[in-house]
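Peer 1: here's my sequence, what's the structure:
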Amino acid sequence: MSSSVRIPPVSPSDEIDLLALFHAIWRQKRLILLVTVLVGVAAAAYAFLATPIYQVSSVLRPAAINELDALNRSEIYLLPPRDALIKVGATLESYDTRLGFFRANQNLFKAFVRPGRTLEQSFEEFDRNSIKLVLPDPKKTDNLSAYIGLELDYPKGIDGVSILNKFVDYAVSVERERIAADMDVIIKNRLNELSGKLKAARSNYDTDKEAKIALLLEGDNLKRAQLQDELKALRIQLKSARSNRMSQLTEAIAIAQSLGIQKPTTPTALGESGRSGANSVMRTEINNQQIPLYFMGVEALVAERTALEKRKTDDFTEGRIAQIARELQLLQSNREIEMLNRRENEDLFLSGVQPLRAEIVRLQNLKIDMSRLKLVTVDRQALEPLSPVKPRKALIIMVGLFLGLVIGGVIALVRHLVANHRVKEHSQLFEMLETTPKVAHSKLTTLGDRVEK
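Peer 2: Presented below is the predicted three-dimensional model:
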């Protein structure tokens, strides 16, 4: 025997009736209120029992121009106020700077230290969750927008004001030391460069000096050789002239002897020598012609030839020889070369090095008190906050009440839907009982089991 089960079609009454649904939920208002209160109490407990989080902030602005005037006037390190602020900001954001501050002030960070953690791991928690750098809008370029903000969130029990203020001082000090180190390196490099230029100038001077001495020596040697050649030529000329003179004298002596001229005479006197007269006559002869040498007479000619034969040198007969001797004597020592070699402080004679020496002296005497160098202006220091920023108790309680209301409403809705579903199953069961008792009995048994469960 077979049986069939007919499932009734869904009637229009099966659609959700919002008004009935609202009334069904409203009937469970006590449940909703209870859930809302419980969630609200839990939220309030969290709000009042959670560890308060405080926030402090500090604002840095560019320093005044006169604060950096000594550094900029040194012409070694140019640092405008805006650039100094950027440098300090980069130092504040530097991981290495923050880690160095954490290590140097461990007594301020005891709350961040956990058993089993290394110092770096404890610092990582502080660096990631606590400190934040606030920068201005890059689209604004006016002077009022030039600032750097620093915010620190910290739990109760930590001296956040001291941490932030000391961290700002530490970062400024680190950047100041970095600038001082850069200054030292730049000055040393500049001094090395200037020393190199001075060495090059000394090398050029030594080269010029050696070249000048070589030129002077070469000129002296050339002049000496020319004078010696001239002296030798003059002596040969004088010796040849003396030899010629002796030959002339020998010839004149022979002529004078043949004419019987023993004493110096003249052609007129020689012509009248044969005449005799009682009266003594004094004659004066004017003649524009050169009188032959033999008229000097044998005695004078022989005497002159004898003197020439005995002469050992002819230097005294030429005035130029004495001048050459004088010039050769002067060439024995060059006073200019002696003065060049006697120079003790040759740096005084270097040309074009006065600006280099002045710059070296300026750099060596350049003293800038870096400890008083003010890189930034602390526009606002961190102050003790009046109240914590977290947790926001009112907001948490309001959100908790709202969530409790939503959760209570959802629970009421689910209960209503479950109850409605059971009512529908009972109605369907009674309809099936009239048609098929066996199937209805089976369904009734199953439904009973569900109800018991």
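
Peer 1: so where's the stretch 251-400 of the chain shaky on pLDDT?
Peer 2: 271-289 (pLDDT under 70).

Peer 1: tell me where it has helices.
Peer 2: Assigned by DSSP state H, counting those that start in this stretch, the helices in the stretch 251-400 of the chain fall at 267-271, 298-310, 319-330, 335-342, 354-364, 393-435.

Peer 1: just the buried positions in the second one, please.
Peer 2: Neighbour counts over helix 298-310 (16 or more other CB atoms under 10 Å) mark 298, 300-302, 304-305 as buried. Where you see a C-beta, it was placed from the backbone N, CA and C, and this is true even at glycine.

Peer 1: and which of the residues you listed is nearest E193?
Peer 2: Nearest to E193 among those is E304, at 81.8 Å by CB to CB.

Peer 1: returning to what we had before: nearest to Y46, of the helices of the stretch 251-400 of the chain?
Peer 2: helix 393-435 (6.4 Å).

Peer 1: which elements pack onto that closest one?
Peer 2: helix 18-26, helix 29-49, helix 437-452 (3 or more CB pairs under 8 Å, 6 or more residues apart in numbering; DSSP states H and E).

Peer 1: sorry, back to before: which one among the buried residues of helix 298-310 gets closest to G149?
Peer 2: The closest of the buried residues of helix 298-310, once distances to G149 are taken by CB to CB, is E304, at 122.3 Å.

Peer 1: touching, the closest one and Q248? I think so.
Peer 2: No: distance between E304 and Q248: 9.8 Å, which falls outside the contact criterion (CB atoms under 8 Å).

Peer 1: same question for stretch 105-115: list its buried residues.
Peer 2: 108-109, 112.

Peer 1: in contact with the nearest residue to T317 once chain neighbours are set aside, which residues?
Peer 2: Closest residue to T317 apart from its sequence neighbours, by CB to CB, 6 or more residues apart in numbering: L238 at 6.0 Å. Residues near L238 by CB atoms under 8 Å, 6 or more residues apart in numbering: 314-315, 317-318.

Peer 1: neighbour-wise, which one of those residues leads?
Peer 2: The most crowded member of the contacts of L238, judged by other CB atoms under 10 Å, is D314 (18 neighbours).

Peer 1: ok, that residue to S162 distance?
Peer 2: Remark: distance between D314 and S162 (CB to CB, to the nearest Å) = 112 Å.

Peer 1: which other helices and strands contact the longest strand along the chain?
Peer 2: Using DSSP state E, we find that the single longest strand of the chain is strand 53-62. Strand 53-62 is packed against helix 81-93, strand 148-155, helix 160-259, strand 376-380, with contacts defined by 3+ CB pairs under 8 Å, 6+ apart.

Peer 1: now the last one: buried residues?
Peer 2: When you say that, I think you mean strand 376-380. 376, 378.

Peer 1: would you mind listing the buried residues in the longest strand of the chain?
Peer 2: 53-58, 60-62.

Peer 1: stretch 413-422 now?
Peer 2: H416.

Peer 1: and it, how far from the chain's centre?
Peer 2: Relative to the centre of its chain, stretch 413-422 is centred 80 Å away, using CA atoms, centre = their mean, to the nearest Å.

Peer 1: residues making contact with it?
Peer 2: Residues contacting stretch 413-422 (CB under 8 Å, 6+ apart): 21, 24-25, 28, 31.
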